[in-house]
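# My questions concern the predicted model and sequence given below.
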Amino acid sequence: MNMKTDRIAAGFEPDLSVSLAGIRLANPTVLASGILGTTKALLKRVAECGAGAVTIKSISLAPRDGHANPTILAFDAGLINAVGYSNPGVEEACREFSGLSDVAAPVFASVIGTHAGEFVEVIGRMEPLGFAAYELPLSCPHTPGYGTMGGQGTPQATLEITKAARSATKKPVFVKISPNMPAIGEIAAAAREGGADAITAVNSLGPGMLIDVETRTPVLGFGMGGVTGPALRPIALRCVYDVFKAVDLPIIGVGGVSTGRHAMEMVMAGATAVGVGSAVHAFGPEVFGRIVGQMRALCLKLGAERLSDLIGAAHKQQGLP
Amino acid sequence: MNMKTDRIAAGFEPDLSVSLAGIRLANPTVLASGILGTTKALLKRVAECGAGAVTIKSISLAPRDGHANPTILAFDAGLINAVGYSNPGVEEACREFSGLSDVAAPVFASVIGTHAGEFVEVIGRMEPLGFAAYELPLSCPHTPGYGTMGGQGTPQATLEITKAARSATKKPVFVKISPNMPAIGEIAAAAREGGADAITAVNSLGPGMLIDVETRTPVLGFGMGGVTGPALRPIALRCVYDVFKAVDLPIIGVGGVSTGRHAMEMVMAGATAVGVGSAVHAFGPEVFGRIVGQMRALCLKLGAERLSDLIGAAHKQQGLP
Amino acid sequence: MSDMRQSSWKSGLPFSIRVIEVRDESRSARTLMFRRPESDPDVAASGDAPDFNLSGFVPGQFVMVWIPRLDEKPFTISYLDDRTFGITVLKRGPFTKALHAMNPGDWVGFRGPYGRGFSLSAGGVVVGGGVGMATMATLIDRLDKPKILQGARTADELLFLDRFPGMDISTDDGSKGRRGFVTDALAELISADRPAMVYACGPEPMMARVLQMCRDRCVPCQASLERFMKCGFGVCGQCCCDGRRVCRDGPVFNSDELAGLASFGRFARLKSGSKVGIGAYHGGGKGE
Amino acid sequence: MSDMRQSSWKSGLPFSIRVIEVRDESRSARTLMFRRPESDPDVAASGDAPDFNLSGFVPGQFVMVWIPRLDEKPFTISYLDDRTFGITVLKRGPFTKALHAMNPGDWVGFRGPYGRGFSLSAGGVVVGGGVGMATMATLIDRLDKPKILQGARTADELLFLDRFPGMDISTDDGSKGRRGFVTDALAELISADRPAMVYACGPEPMMARVLQMCRDRCVPCQASLERFMKCGFGVCGQCCCDGRRVCRDGPVFNSDELAGLASFGRFARLKSGSKVGIGAYHGGGKGE
Ligand SMILES: Cc1cc2nc3c(=O)[nH]c(=O)nc-3n(C[C@H](O)[C@H](O)[C@H](O)COP(=O)(O)OP(=O)(O)OC[C@H]3O[C@@H](n4cnc5c(N)ncnc54)[C@H](O)[C@@H]3O)c2cc1C
Ligand SMILES: Cc1cc2nc3c(=O)[nH]c(=O)nc-3n(C[C@H](O)[C@H](O)[C@H](O)COP(=O)(O)OP(=O)(O)OC[C@H]3O[C@@H](n4cnc5c(N)ncnc54)[C@H](O)[C@@H]3O)c2cc1C
Ligand SMILES: Cc1cc2nc3c(=O)[nH]c(=O)nc-3n(C[C@H](O)[C@H](O)[C@H](O)COP(=O)(O)O)c2cc1C
Ligand SMILES: Cc1cc2nc3c(=O)[nH]c(=O)nc-3n(C[C@H](O)[C@H](O)[C@H](O)COP(=O)(O)O)c2cc1C
Ligand code: FES
Ligand code: FES
């Protein structure tokens, strides 16, 4: 080992860019769906803060009010949310997200539906817009009719919905999976078989619950909700590690990332890109630039000229499961 | 609502005792298995610190070295461990845990095996000792041959092992289940069918993983391990809530409890007793007395003369799942 | 290794507190008073250290108010002393009706405070319209005898007449004070004597006029916006006014910031996120 | 509401640091030197704030030393200045062999420091046996010219002869200093002049004799114990000596505490938790 790599003042500028299913990202950070992704103005701001790509909040065919408040709460180890997919529906979304070239990074559309046909219809309506890819979250743990509460987290449903979405567009399709399914590799394999171009791992954990003791009442309006942020991080890393072993698709690793070191762990577990959501609570939209700066410093420390050389690096160790 | 209950200086001493499958606990706190439960001297100390009951570290037929270090690490939202069930085996355990009447609280034995016959044999060897009950953790997520890695977390295996253990003793049998199975109610029902007297919910979450970036290596010796502590708390609460709905057995709620308020949430979700493990990291063995004192104060605040009246209180709200 | 600075992660769960007093403030507004948990000996005795803590409260910040099994909405702290605090609620829809129905002993949940409040400077003028006066109350408490202009539709909707004697009052119908809009009173004041700062809270069309007026005459101004909120701490994007999160970047914005917001005074978002005209959003509401 | 005081939860993940220097200390002991992350500009530049931080280190505390893909074991900090620290390792089994094979540039992971160290008082005597001297080194650095007794089997196993000149040396074979056990030297010293405190670290049978001697003559004493460790922070129960957790309640215990430990000097636990005689545990090891 060379002592020179110990010094950050090394003589190279690490290349943080990655190619995700054919889409070039200047750096691997991606704004996760459901965080700040309600308007084009917010996407622009997040891109200007340094995100490599941004994802809109999930859009359904018809407008949805979502669950009653409280919908999102911070507890000591993360966030817990049951937003219930509130969104203005695809028609208004098409107005809101027109002219996406204003946004300084690729924009991913997140599309939801209660059955395959709805996914197809929403994607069809969005096709004229400038989205770089479609993400299908088949894994929300707290919205009846959708995700795991809609039976979409099984290998069969994943295959069927992915196939349908695949047939509706030539753009890349990402399938977002749940950390709650023990056989996560099977679900990733089903998505691959259905024609997915990448796996987004993972959606929120649980559901979980917190109770107000004085009123004996669960604190979320819906009673329970998905857990994200620091609490999710080790689980998400293991999921990314498992998916990397199970399928040869690029992975967007999401869950608890709030520093460059966390993002680097994701990359070494197998992620090509790294989603960031709850960390906006602790660090604001500026978290993206902060993470990117820290990843650059870590590349220098490790003597890595291209971040992409580190994807899956943790798998190159012997004797581990 | 009566303003008088607003004052803690109320004129009664709340009764914190509970009856768990016929065993009287002076208060609902229980030392969780795998924490400080290696020697009788430690059990004594924890009981003197105020625990209502204590559980020994899980014992197998033959001695086990467990996984290589690091086996237990603290991260920012909890602990992650892959101890791998190191234990001196049942023969030495019978020496260590003789004369249990020295311990000022009921002692639960935690018993593991790779198949039903092993559980029966270990229980058989332990029968002459003074254990108040047997706990079967069919849910460890990081030890090949055991728990979920040994296929013990399915309804069928749970039924089979519980039945076998049931036939080996007249003492109460607790079945400890995993937070990682979506259909947790089915597993609790299988345990009930097999003759379990209580459900311990839950064991550790995941497995999860953390990676050392400099050496590109997972930090645990085993590569991955179960997540406990604050990160687990909302998931554990929801599991207890679900099990309370699914079966009419008493529940030992375990996961992330470190204060009286957390313990009270568990009780309101449906727990009769409340396990405490990782909180020993933050607060030492003294955490038991601290939790009990805070529960007493909360009972006064809520005007509850008997803690047991609050078991499952959060289920009495309309319109929640 | 975790290089996340733990101090950056803030737990913010609701803490339930009993109503200790109910006060009628006007025909349609009522104040609910509570004991501050930081100074409540019962809270300390139970070993609790609630996330809800008003010790760093800055006027203009808000709290999320939770009625279990109903809903949770943002409100201003309108009363604050060492031992107690209060919120002043205008009866508008189902949630505020439920708050008006509360009695001493009932539980209400609180989290926060959230957002960026007013930045205080000497010699300002305070302009409150309708229940917007609730937001101005703790600000007035901290300013050194500011000039106060209050506007309302009629006399019996005016707030804090006894609490802040000597306010300059305008009513639409002239039932008390001058007849007309509070903005007319402000126009007069500004042309007579350029104030160092104008602080405003009220219906958004009113605040839009205040902003216009202040910018025309180069008077600095700060105004507190109202948008539908979910998280309250800047992650969900529900409350945004263009690229600004009202809950975290605001709710108080200064003249320059407001001038850059195309939606200010024009559009807001409903619960689903649908963008509607500001009039449709308020349903004629907010104290008008 | 979360009333868990977040400050009580401490993250403690290993942080990997490169070896910067290797020093032979004796025939069988070698020191590895590292840069302290708190004062490493490269660590600061990458925005890291490692959990591993020696700024509050107290002599007697230990760190967990990790060799990726091999194992992790407890070691004392034997060198500490503003920029660097070191561990001094006696070659015993596979893990210490691997540490001896390290070269500058190799990575070693650290977490900690853990445990309760020595409580310092004036006018003490330091007694080190074998690699137990490594534990005493930072203590000696902080005490004001303490009397130091070092014992070893032979001359070429003695540590820090240049670093701490004027030590009172004993060797079993008389190859340097007095011939005999370091406990003989202590016995002599205690009967001549009762010391205010005796600090000891070495093979447990030696420490048991030190304790006996000190108690007989009413001299207060503190000794640092060694047990097999897993968590290092007091949850797993692996390291316990009766009801005490060596990793958290110790590793340093005072006379009264030691006298209450029936297992002290007699029993320890292997990796599985099996209880064995202290001789079998050390396999004749620990610098004897
Ligand atoms: C920062 C901030 C501070 C506030 N402070 C106060 C205060 O001190 N006193 C007070 O009475 N009100 C205050 N409000 C408004 C309050 O949050 C409620 O929105 C309002 O009282 C609606 O009452 P309702 O739900 O009973 O009526 P609804 O029938 O639900 O609504 C009445 C009207 O208010 C609008 N509205 C509904 N929900 C919200 C919401 N969450 N945020 C904004 N507008 C909404 C609707 O579009 C509707 O037109 C504040 C709002 C914000 C954003
Ligand atoms: C608080 C503390 C501080 C220590 N400081 C130092 C130090 O500064 N320098 C140093 O050389 N050693 C120190 N040790 C001992 C060190 O942790 C290793 O145990 C020892 O070096 C064993 O080396 P090995 O694994 O190569 O040999 P092994 O072949 O594994 O073991 C050799 C002998 O050591 C015993 N042993 C093995 N593992 C441990 C363990 N984790 N803890 C205790 N004993 C064990 C075995 O029973 C065996 O008899 C310390 C131990 C403790 C508890
Ligand atoms: C408030 C909130 C809303 C979310 N909404 C969505 C959503 O609409 N669609 C979706 O696919 N994921 C949604 N998620 C999940 C996130 O995209 C992400 O997978 C998860 O939060 C884990 O990442 P994090 O730990 O960085 O937050 C939401 C998460 C949060 C916290
Ligand atoms: C270090 C450690 C070791 C554990 N060992 C066992 C064990 O041997 N048997 C078992 O049933 N559970 C074991 N557990 C799980 C705990 O009993 C408990 O279910 C879990 O930690 C959740 O509770 P907590 O969040 O309070 O720690 C272990 C947990 C930890 C942290
Ligand atoms: S209410 Fe969520 S971002 Fe403002
Ligand atoms: S090593 Fe785990 S308790 Fe001491």
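Thanks, I have it. Numbers count the residues shown, from 1 in each chain, chains lettered A, B, ... in the order given. Ligands and ions are numbered 1, 2, ... in the order given.
# rest of the way, CA atoms for contacts and neighbours
Will do.
# Leaving aside the residues adjacent along the chain, what's closest to C:Trp9?
A:Ala282 (5.1 Å; C-alpha to C-alpha, 6 or more residues apart in numbering or on different chains).
# Contact partners for that neighbour?
Contacts for A:Ala282 (C-alpha atoms under 8 Å, 6 or more residues apart in numbering or on different chains) come out as C:Ser8, C:Trp9, C:Lys10.
# From the residues you listed, which land in strands?
Assigned to strands by DSSP state E, none of the contacts of A:Ala282 qualify.
# can you list the residues you listed in a markdown table and add neighbour count?
Formatted as a markdown table, the contacts of A:Ala282 follow (neighbours: other C-alpha atoms under 10 Å in any protein chain shown):
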| residue | neighbour count |
| --- | --- |
| C:Ser8 | 11 |
| C:Trp9 | 22 |
| C:Lys10 | 17 |
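# Closest to ligand 6 out of these?
Ligand 6 has its nearest neighbour among those in C:Trp9, at 27.8 Å by C-alpha to the nearest ligand atom.
# In which helix or strand does the closest residue to ligand 1 within the stretch 151-300 of chain A reside?
Proximity of the stretch 151-300 of chain A to ligand 1 (C-alpha to the nearest ligand atom) peaks at A:Gly221, 13.9 Å away. Applying DSSP states H and E as the criterion places A:Gly221 outside every helix and strand.
# so how far is chain C from it?
7 Å (C-alpha to the nearest C-alpha, to the nearest Å).
# Contacts only, for that residue.
A:Gly221 neighbours (C-alpha under 8 Å, 6+ apart): A:His67, A:Ala68, A:Asn69, A:Pro70, A:Thr71, A:Ala82, C:Pro68, C:Arg69, C:Leu70, C:Asp71.
# ok, those residues vs ligand 5, which is closest?
A:Thr71 (9.5 Å).
# Which pLDDT value goes with the residue of the stretch 151-300 of chain A closest to ligand 1?
As predicted, A:Gly221 sits at a pLDDT of 96.
# Okay, now the unreliable bits of the chain?
I went with chain A, as the question did not name one. A:1-10, A:317-321 (pLDDT under 70).
# Hmm, no, I was thinking of chain C.
Short version for chain C, where the test is pLDDT under 70: C:1-7, C:282-288.
# Enumerate the residues of it near ligand 1.
C:62, C:73-76, C:88-90, C:92-97, C:131, C:134-135, C:226-229, C:251, C:281-283, C:285 (C-alpha under 6 Å from any ligand atom).
# roughly how far apart are whichever residue of the stretch 151-288 of chain C sits closest to ligand 4 and ligand 1?
Proximity of the stretch 151-288 of chain C to ligand 4 (C-alpha to the nearest ligand atom) peaks at C:Cys231, 26.8 Å away. To ligand 1, C:Cys231 is 10 Å away according to C-alpha to the nearest ligand atom, to the nearest Å.
# in stretch A:19-37, what's buried?
Buried residues in stretch A:19-37, counted by 16 or more other C-alpha atoms under 10 Å in any protein chain shown: A:20-21, A:25-37.
# how's chain C carved up into domains?
As recorded under automatic domain parsing, the domains making up chain C are C:2-114, C:125-285.
# Out of those, which is closest to D:Val127?
Of all the domains of chain C, the one in closest proximity to D:Val127, counting by C-alpha to C-alpha, is domain C:2-114 (38.0 Å).
# returning to what we had before: just the buried residues from the residues of chain C next to ligand 1, in ChimeraX please.
Here is the ChimeraX command that picks out the buried ones among the residues of chain C next to ligand 1, judged by 16+ other C-alpha under 10 Å:
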select /C:62,73,74,75,76,88,89,90,95,131,134,135,226,227,228,229,251,281,282
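# Which of the residues of chain C next to ligand 1 fall in helices?
C:Pro94, C:Phe95, C:Thr96, C:Lys97, C:Ala134, C:Thr135, C:Tyr281, C:His282 (DSSP state H).
# before we move on, the earlier item: now the contacts of A:Gly221 as CSV including neighbour count and secondary structure?
Shown next, in CSV, are these (neighbours: other C-alpha atoms under 10 Å in any protein chain shown; DSSP: H, G, I helix; E, B strand; the rest coil):
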residue, neighbour count, secondary structure
A:His67, 21, coil
A:Ala68, 19, coil
A:Asn69, 26, coil
A:Pro70, 31, coil
A:Thr71, 25, coil
A:Ala82, 28, coil
C:Pro68, 22, coil
C:Arg69, 21, coil
C:Leu70, 13, coil
C:Asp71, 17, strand
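# Please enumerate the helices of chain C.
Taking DSSP H as the test, the helices found in chain C are C:41-45, C:94-100, C:132-142, C:182-192, C:204-216, C:255-259, C:278-282.
# winner for burial among these?
helix C:132-142 (a mean of 23; mean count of other C-alpha atoms under 10 Å in any protein chain shown).
# Centre of the chain to that one, how far?
Its chain's C-alpha centre and that of helix C:132-142 lie 8 Å apart, by C-alpha atoms, centre = their mean, to the nearest Å.
# Determine the set of other helices and strands touching that helix.
strand C:79-80, strand C:124-129, strand C:197-201 (3 or more C-alpha pairs under 8 Å, 6 or more residues apart in numbering or on different chains; DSSP states H and E).
# which residues touch that helix?
C:59-60, C:76-80, C:87-88, C:118, C:126-128, C:146, C:150, C:159, C:200-203, C:286-287.
# how about a cut-off of 6 Å?
Identification of contacts with helix C:132-142 by C-alpha atoms under 6 Å, 6 or more residues apart in numbering or on different chains yields C:Pro59, C:Thr76, C:Ser78, C:Cys201, C:Gly202.
# Put the alpha carbons of it into CSV.
The C-alpha trace of helix C:132-142 is given here as CSV (Å, rounded to 0.1, in the frame of the first residue of the first chain):
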residue,chain,number,x,y,z
GLY,C,132,-53.0,37.3,11.6
MET,C,133,-53.0,39.4,14.8
ALA,C,134,-52.3,36.2,16.7
THR,C,135,-49.0,35.9,15.0
MET,C,136,-48.1,39.5,15.9
ALA,C,137,-48.9,39.2,19.6
THR,C,138,-45.6,37.7,20.8
LEU,C,139,-43.7,39.9,18.4
ILE,C,140,-45.3,43.0,19.9
ASP,C,141,-44.4,41.6,23.4
ARG,C,142,-40.8,41.7,22.4
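# any idea of the angle it forms with strand C:124-129?
Counting by axes from the mean of the first three to the mean of the last three C-alpha atoms, to 10 degrees, helix C:132-142 lies at 160 degrees to strand C:124-129.
# tilt between helix C:132-142 and strand C:197-201?
Using the same axes, to 10 degrees: helix C:132-142 against strand C:197-201 is 140 degrees.
# Across the sheet, point out what pairs with A:Ile252.
For A:Ile252, the beta-bridge partners are A:Thr200, A:Ala273 (DSSP bridges).
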